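A.B. asks: Show me the folded form of this:
(chains A and B)
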Amino acid sequence: MTDGVRVRFAPSPTGHLHVGGARTALFNWLFARHHGGAFILRIEDTDRSRSTDENIGLIVDALRWLGLDWDEGPPAPGYRQTERLDLYREHAARLVAAGRAYYCDCPPARLEAERKAAEARKETFRYSGRCRGRGLTAGALRLGLPAAGTTVVHDLINGPVEFDHRQLDDWILVRTDGTPTYNFCVVVDDVTMRISHVIRGNDHLSNTPKQVLCYEALGYPVPAFAHVSMILGPDRGRLSKRHGATSVQAYREQGVLPEAMVNYLARLGWSHGDQEIFTRPELIERFDIKDVSASGAVFDQTKLEWLSHEYIKASDGARLAPLVRPFLAEAGLTGPDDARLAALLETLRERARTLREMVEVGRFYFERPAAYEDKARATLFTPAGAERLGILLERLESLEPFTAPAIEALYRDLTAALGLKLVDLAQLTRLAVTGRTASPPLFDVLALLGRPEVLARLRAARAAAGSVS
RNA sequence: GGCCCCAUCGUCUAGAGGCCCAGGACACGGCCCUCUCAAGGCUGAAACACGGGUUCGAAUCCCGUUGGGGCCA
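C.D. replies: Have a look, this model is predicted:
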């Protein structure tokens, strides 16, 4: 039955969209699209102190940037837990009525003391269940679990995982103050949204048996589960801020292309033979939750940047131009019109891993060099260098047409006439025009810059070379 | 501490008992190309955590150990 697939991504809006969350969202989305099912976005904002509307906006933006569209969810009403409190209350009441849940008035201080005592005896603390059957009508609501037996979670990634009921507490569904707990909300939400497959982080696997028991107590069918491994930092610990950028937004700001991010995240813990690069349709077609790895994966920014580079190389200047604009502005630069910008970017795409790098590498296109690389300046801007710049200035002034092939011919002729190597004049010119020793092919750069600009830069360089000596 | 998950090159992974003295990719080294830097081509180094089983045969199955992660607190 592949037609009833309904999956969800349920972030807590307590911050940016984390790459781990993004990957979970992606796997859900791919699963839904592969099976022609529905992808639902739900906001788990019961932690009001840390959940903000601003964060919801951030997460929504990040998902949109990644191209993960949802079939149900915000801005439509009813997809935020704070809007669903009645549902939780209603289901809690049903469990009480069915005798599957009971109230407990054990003071937290006493439970805490028992916990400490158990710890001192090196034992595992488990709530005793002493309030069960007392017929209380107030307090914390607990789900009565079977005292013996096991619950098996049939996980699509990890296989069957068995949990012994003796290890499980009668867990709290609703706190004494009336607020439902996270795990209970999740069950009620998944049930009422008719979720068929729960694809989420590995960190929820341990809570799953309790949830399964809750589904059963409620008389609902249990969905299929797939627990995706966590994303790790270089030290194999949970990926956190101290490892560097962890939010999707941060990579977006670095100028990583969204399709690269998606491709990278997809390949992190999932694979399809030896294939590394996937188009979105390929991803949808080939994705199978069963092929997702059960082990944790280290986030490798270098590989992400390699993919970003691959996608940048594959994009033409016209596509890149609008994407680069914000990065130009950020660098305090103003670019030319789209057509011209596109032409410039053509020479940059093989040399930049990110959009931001593109601006750095091509900076000279947008402003005259503010300085020359020191070392090169010392060896190239010599009296002889100044003289050669003078000759170049003179020749270039009358060159017709001012195109890359013509410029190259001029350089080759002149090089031979002066008994030099092409590299000698090329590097001298490169430094003069770009301020650096590395750039896109020189003759293309000169042609793109145009004669007036080239001459102006050569003159400035000649002056600088003259002042050195 | 108890329970749960995980374990192939530095990293992401292929591998579902013989095709593997382990393949691909990133990163790294070398060579080629070349006006520089890239890109590209070729090439090199680099792994089955350990110990027991099962089997004619194990990276692949089982058990244990170690290590890492998670949940409960």
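
A.B. asks: any idea how far the residue lying closest to A:R126 once chain neighbours are set aside lies from RNA strand B?
C.D. replies: Excluding the flanking residues, the one nearest A:R126 by CB to CB, 6 or more residues apart in numbering is A:D169, at 5.4 Å. (Each C-beta comes from the backbone N, C-alpha and C, glycine too.) A:D169 sits at a distance of 6 Å from RNA strand B (criterion: CB to the nearest atom of the strand, to the nearest Å).

A.B. asks: A:Y215 too?
C.D. replies: 17 Å.

A.B. asks: what's the helix or strand for that residue?
C.D. replies: helix A:208-218 (DSSP states H and E).

A.B. asks: helices or strands up against that helix?
C.D. replies: Helix A:208-218 sits against helix A:85-97, strand A:140-143, strand A:150-155, helix A:182-192, with contacts defined as 3 or more CB pairs under 8 Å, 6 or more residues apart in numbering; DSSP states H and E.

A.B. asks: Dump these into CSV; add mean neighbour count as well.
C.D. replies: As requested, the helices and strands packed on helix A:208-218 are arranged in CSV below (neighbours: other CB atoms under 10 Å):
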stretch, mean neighbour count
helix A:85-97, 16
strand A:140-143, 23
strand A:150-155, 16
helix A:182-192, 22
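
A.B. asks: need these in TSV with mean pLDDT and distance to A:D203, can you?
C.D. replies: Shown next, in TSV, are the helices and strands packed on helix A:208-218 (pLDDT from 0 to 100; distance: least, CB to CB, whole Å):
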stretch	mean pLDDT	distance to A:D203
helix A:85-97	95	22
strand A:140-143	93	21
strand A:150-155	94	13
helix A:182-192	95	12
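
A.B. asks: need the ones you listed in a markdown table with distance to A:S398, can you?
C.D. replies: Converted to a markdown table, those look like this (distance: least, CB to CB, whole Å):
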| stretch | distance to A:S398 |
| --- | --- |
| helix A:85-97 | 81 |
| strand A:140-143 | 89 |
| strand A:150-155 | 76 |
| helix A:182-192 | 76 |
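
A.B. asks: Pipe the ones you listed into a markdown table and attach distance to RNA strand B per row.
C.D. replies: Below are these laid out as a markdown table (distance: least, CB to the nearest atom of the strand, whole Å):
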| stretch | distance to RNA strand B |
| --- | --- |
| helix A:85-97 | 18 |
| strand A:140-143 | 11 |
| strand A:150-155 | 8 |
| helix A:182-192 | 8 |
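
A.B. asks: A:T347: which of those is closest?
C.D. replies: strand A:150-155 (50.4 Å; CB to CB).

A.B. asks: Contacts for the closest one, please.
C.D. replies: The contact list for strand A:150-155 (CB atoms under 8 Å, 6 or more residues apart in numbering) reads A:160-165, A:205, A:208-209, A:212-213, A:224-227.

A.B. asks: for the helices and strands packed on helix A:208-218, which one sits closest to A:A352?
C.D. replies: strand A:150-155 (41.6 Å).

A.B. asks: now the closest one, how far from the centre of its chain.
C.D. replies: Distance of strand A:150-155 from its chain centroid, counting by CA atoms, centre = their mean, to the nearest Å, is 31 Å.

A.B. asks: For that strand, output the C-alpha coordinates as PDB.
C.D. replies: Output of strand A:150-155 as PDB, limited to C-alpha atoms (Å, rounded to 0.1, in the frame of the first residue of the first chain):
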ATOM      1  CA  THR A 150       8.000  -6.500  25.600                       C
ATOM      2  CA  THR A 151       7.100  -4.100  22.900                       C
ATOM      3  CA  VAL A 152       8.900  -4.500  19.600                       C
ATOM      4  CA  VAL A 153       9.400  -1.400  17.400                       C
ATOM      5  CA  HIS A 154       9.600  -2.500  13.800                       C
ATOM      6  CA  ASP A 155      11.900   0.100  12.500                       C
END
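
A.B. asks: Taking helix A:208-218 as reference, get the angle to that strand.
C.D. replies: Computed by axes from the mean of the first three to the mean of the last three CA atoms, to 10 degrees, the angle separating strand A:150-155 from helix A:208-218 equals 110 degrees.

A.B. asks: Just checking, which helix or strand succeeds strand A:150-155 along the chain?
C.D. replies: Counting by DSSP H and E, what follows strand A:150-155 is strand A:159-164.

A.B. asks: quick check, distance from that next one to the centre of its chain.
C.D. replies: The mean C-alpha position of strand A:159-164 is separated from the chain mean by 31 Å, CA atoms, centre = their mean.

A.B. asks: Does anything pack onto that strand? Which helices or strands?
C.D. replies: strand A:150-155.

A.B. asks: Tell me what angle the strand it packs on forms with strand A:159-164.
C.D. replies: Going by the same axes, to 10 degrees, strand A:150-155 makes 160 degrees with strand A:159-164.

A.B. asks: Find the centremost residue of chain A, please.
C.D. replies: With distances taken as CA atoms, centre = their mean, A:V248 lies nearest the centre of chain A, 3.3 Å away.

A.B. asks: so it makes contact with A:H16?
C.D. replies: Yes: using CB atoms under 8 Å, A:V248 makes contact with A:H16 at a distance of 7.0 Å.

A.B. asks: So for these two, which residues contact both of them?
C.D. replies: With CB under 8 Å, 6+ apart as the test, A:V248 and A:H16 both reach A:A62.

A.B. asks: nearest residue to the residue in the stretch 201-350 of chain A that RNA strand B sits nearest to other than its sequence neighbours?
C.D. replies: Closest to RNA strand B within the stretch 201-350 of chain A is A:S295: 2.8 Å, counting by CB to the nearest atom of the strand. Excluding the flanking residues, the one nearest A:S295 by CB to CB, 6+ apart is A:S229, at 5.7 Å.

A.B. asks: quick check, the residue nearest to A:R126 in a strand?
C.D. replies: No: A:D169: not assigned to a strand; according to DSSP: H, G, I helix; E, B strand; the rest coil it is coil.

A.B. asks: show me what contacts it?
C.D. replies: A:R126, A:Y127, A:L145.

A.B. asks: which ones are touching the last one?
C.D. replies: What it means is A:L145. A:H165, A:L168, A:D169, A:D170, A:W171, A:K210, A:L213.

A.B. asks: Thanks again, I'm all set now.
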